[in-house]
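A.B. asks: sequence and predicted model, in that order:
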Amino acid sequence: MYEAAETASEVLSRDPDNEKALYRRARARIGCWQLDEAEEDLKKLAKTPKNESLVQAEMAVLAQKRIELADSKKKTYTKMFK
């Protein structure tokens, strides 16, 4: 996943308006648990109306990952302070 994010970033450095690369980098960042960065990419992608449904679906995935991360942290901290 990290390679995919890096490759998409390289493409975006040459073509900042490349929607496909922006989408792929967002997906890769979600997979790498870089949730804030993925959200930034999705917000940039959402500026184009044709991407609205795609962005909404990925935002739902992102929200689920945030819940998973919070649950994981909660379990970790609970074990630490027992």
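C.D. replies: Happy to help now that I have it. Numbering: from 1, shown residues only.
A.B. asks: going forward, measure contacts and count neighbours with C-alpha atoms only.
C.D. replies: Will do.
A.B. asks: ranking helices and strands of this protein by mean pLDDT, which lands last?
C.D. replies: Lowest mean confidence among the helices and strands of the chain (mean pLDDT, DSSP states H and E): helix 52-80, at a mean of 91.
A.B. asks: what about D17, neighbour count?
C.D. replies: 13 (other Cα atoms under 10 Å).
A.B. asks: three-state assignment of it?
C.D. replies: With DSSP: H, G, I helix; E, B strand; the rest coil as the basis, the three-state label of D17 is coil.
A.B. asks: state the distance from the residue positioned nearest the centre of the chain to A8.
C.D. replies: With distances taken as Cα atoms, centre = their mean, the chain has A38 as the residue nearest its mean C-alpha position (2.6 Å). Noted for A38: a distance of 12 Å to A8, by Cα to Cα, to the nearest Å.
A.B. asks: circling back: who are the packing partners of the least confident helix or strand of the chain?
C.D. replies: helix 19-31, helix 35-45 (3 or more Cα pairs under 8 Å, 6 or more residues apart in numbering; DSSP states H and E).
A.B. asks: what helices or strands is the last one leaning on?
C.D. replies: What it means is helix 35-45. Partner elements for helix 35-45 (3+ Cα pairs under 8 Å, 6+ apart): helix 19-31, helix 52-80.
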